[in-house]
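[1] Below: sequence and its predicted model.
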Amino acid sequence: MKETAILFVRADPAEHNAIDRMEDLRAVASRKGWNVCGEQMCRKHLFGLLHDCKEESVDHLLIERLSQLSRKRWKLIWMLRFLTKHGVQVETADIQLGYDLYRHGITGG
């Protein structure tokens with residue numbers, strides 16, 4: 001069975017580059033062989049996205065970089081723990097995840 005992914009771009013959906021950025025995430029998911037089961041482009045839908053990760057069988061949350069989830073370190077840590085608790089692996093498309101965690105001052109589990 002194919003692994004599933006939800007894609008998230010933190011942008012105004014009316015922005016032309018938001019559509020291009022989502023297309024880039026679709027291409028990454030396709031290269032990895034994932035089935036895309038949801039897409040969100042607006043920050044106001046972020047907690048709905050987290051709910052979907054909890055309630056549905058989702059393997060990955062694909063984002064451009066960690067700051068797309070939150071720019072506040074404490075909130076980012078909370079979200080990463082929440083997703084990990086529900087078996088969702090966070091994947092970043094623009095920056096290697098280990099380096100992105102380091103940039104945000106987050107190391108280890």
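    It's in. Numbers count the residues shown, from 1 in each chain.

[2] how many other residues sit next to the nearest residue to Leu80 once chain neighbours are set aside?
    Take Leu80 and drop its neighbours on the chain: the residue closest to it by Cβ to Cβ, 6 or more residues apart in numbering is Val90, 6.3 Å away. Bear in mind the C-beta positions are built from the backbone N, C-alpha and C, glycine included. Residues within reach of Val90, counting by other Cβ atoms under 10 Å, total 19.

[3] So what pairs up with Val90 in the strands?
    Beta bridges link Val90 to Leu61, judged by DSSP bridges.

[4] do you know how far it is from Lys54?
    Between Val90 and Lys54 the computed distance is 14 Å (Cβ to Cβ, to the nearest Å).

[5] Next: Leu61.
    When Leu61 is compared with Lys54 (using Cβ to Cβ), they lie 11 Å apart.

[6] between the two, who's got more neighbours?
    Leu61 (25 against 14).

[7] Show the residue spans covered by the helices in the chain.
    In the chain, the helices defined using DSSP state H lie at 16-32, 46-55, 73-85, 97-103.

[8] would you list these in TSV and tack on distance to Arg10?
    Below are the helices of the chain laid out as TSV (distance: least, Cβ to Cβ, whole Å):
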stretch	distance to Arg10
helix 16-32	9
helix 46-55	8
helix 73-85	12
helix 97-103	14
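
[9] can I get the ones you listed in CSV with mean pLDDT?
    As requested, the helices of the chain are exported to CSV (pLDDT from 0 to 100):
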stretch, mean pLDDT
helix 16-32, 91
helix 46-55, 82
helix 73-85, 89
helix 97-103, 72
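
[10] Right, I'll leave it there.
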